[in-house]
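>>> how would this look folded up:
(chains A and B)
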Amino acid sequence: EVQLMESGGDLVQPGGSLRLSCVASEFIFSNYWMTWVRQAPGKGLEWVAIINPDGSEKSYADSVKGRFTISRDNSKNSLYLQIDSLRAEDMAIYYCARDDGWGYKVYWGQGTPVTVSS
Amino acid sequence: VMTQTPLSLSVTPGQPASISCKSSQSLLHSNGNTYLHWYLQKPGQSPQVLIYEVSRRSSGVPDRFSGSGSGTDFTLKISRVEAEDVGVYYCMEGTHLRTFGQGTKVEIK
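Reported below is the predicted structural model:
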């Protein structure tokens, strides 16, 4: 069964940094686009970033461009999200998801929470 | 921008429900496909896909769920709402930058 497991969420001060990880299993990770989606407390879903199978193409939502970096290590079946210059509005549950084509996401992780507070 | 209406819906079990999703730009890709998907997030759970590419039901999704539309206007219909259908429904476009709608909360009367 396909599994995605996020980790790395934490309580961080405004202006701080954090690296989220997502470990994939039971599918050929290096064949798929992968994406991060977040959900602020009580709010809707917001697409954050996407990366292609070999890591050479990346796209970001305008709200995170320049502060977030998506990356992957196919040898470790792992997806990452480096979050810098954290703001209060970045506080959310961060989900990783496998993108099966043009936004079609069948498999999602359980999410990892990021709390921003001084 | 993806705009969903209504933002909330209270439905009697067994009755139909319909959610509209309008895009500020056409979702018809130059390759001829339209990448509009529907997700459901049940309380306390991760989102799950229901419909992809406007009208294709994802594996395991009951046939009471159907999608339709083209260009900028799309609709998700539930033919007979069941208690397990409660949650927040999101449309999402994959043609441009994978933007989600605001969500429509469905409750049971």
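
>>> How about residue A:32, nearest residue that isn't a chain neighbour?
The shortest distance from residue A:32 to any non-neighbouring residue, by Cβ to Cβ, 6 or more residues apart in numbering or on different chains, is to residue A:98 (5.2 Å). Any C-beta I mention is one placed from the backbone N, CA and C, and that applies to glycine too.

>>> try residue A:111
residue A:93 (4.1 Å).

>>> Is the residue nearest in space to the middle of chain A bridged to anything, and to what?
Chain A has residue A:36 as the residue nearest its centroid, 3.2 Å off, counting by Cα atoms, centre = their mean. As for beta bridges, residue A:36 partners with residue A:49, residue A:96 under DSSP bridges.

>>> so what pLDDT did it get?
Listed pLDDT for residue A:36 reads 98.

>>> do the same with the one 10 residues further on
Confidence per residue is given as pLDDT, and for residue A:46 that number is 97.

>>> Find the nearest non-adjacent residue to it, please.
In space, residue A:46 is closest to residue A:38, 5.3 Å off (Cβ to Cβ, 6+ apart).

>>> Which helix or which strand is home to that neighbour?
strand A:33-39 (DSSP states H and E).

>>> what sits up against that strand?
A:20, A:22, A:24, A:45-53, A:70, A:72, A:79, A:81, A:90, A:92-99, A:101, A:105, A:108, A:111, B:47, B:98 (Cβ atoms under 8 Å, 6 or more residues apart in numbering or on different chains).

>>> Same question for stretch B:8-23.
B:1-6, B:36, B:38, B:69, B:72-83, B:85, B:89, B:91, B:93, B:101, B:104-109.

>>> Tell me what the one residue sitting closest to the centre of chain B is bridged to.
Per Cα atoms, centre = their mean, the C-alpha nearest to the average position across chain B is that of residue B:38, at 3.5 Å. For residue B:38, the beta-bridge partners under DSSP bridges are residue B:51, residue B:91.

>>> ok, now which ones touch it?
Here residue B:38 is in contact with B:21, B:49, B:50, B:51, B:52, B:65, B:67, B:76, B:89, B:90, B:91, B:92 (Cβ under 8 Å, 6+ apart).

>>> Dump the residues you listed into TSV; add neighbour count and pLDDT as well.
Putting those into TSV (neighbours: other Cβ atoms under 10 Å in any protein chain shown; pLDDT from 0 to 100) gives the following:
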residue	neighbour count	pLDDT
B:21	28	98
B:49	22	96
B:50	23	97
B:51	25	97
B:52	25	96
B:65	18	98
B:67	22	98
B:76	27	98
B:89	25	98
B:90	24	98
B:91	29	98
B:92	24	97
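
>>> quick revisit: now the residue nearest to residue A:46: how far from residue B:55?
28 Å (Cβ to Cβ, to the nearest Å).

>>> Could you do residue B:36 as well?
From residue B:36 to residue B:55 the distance is 9 Å (Cβ to Cβ).

>>> Okay, residue B:79 and chain A: tell me how far apart.
Using Cβ to the nearest Cβ, to the nearest Å, residue B:79 is found at 23 Å from chain A.
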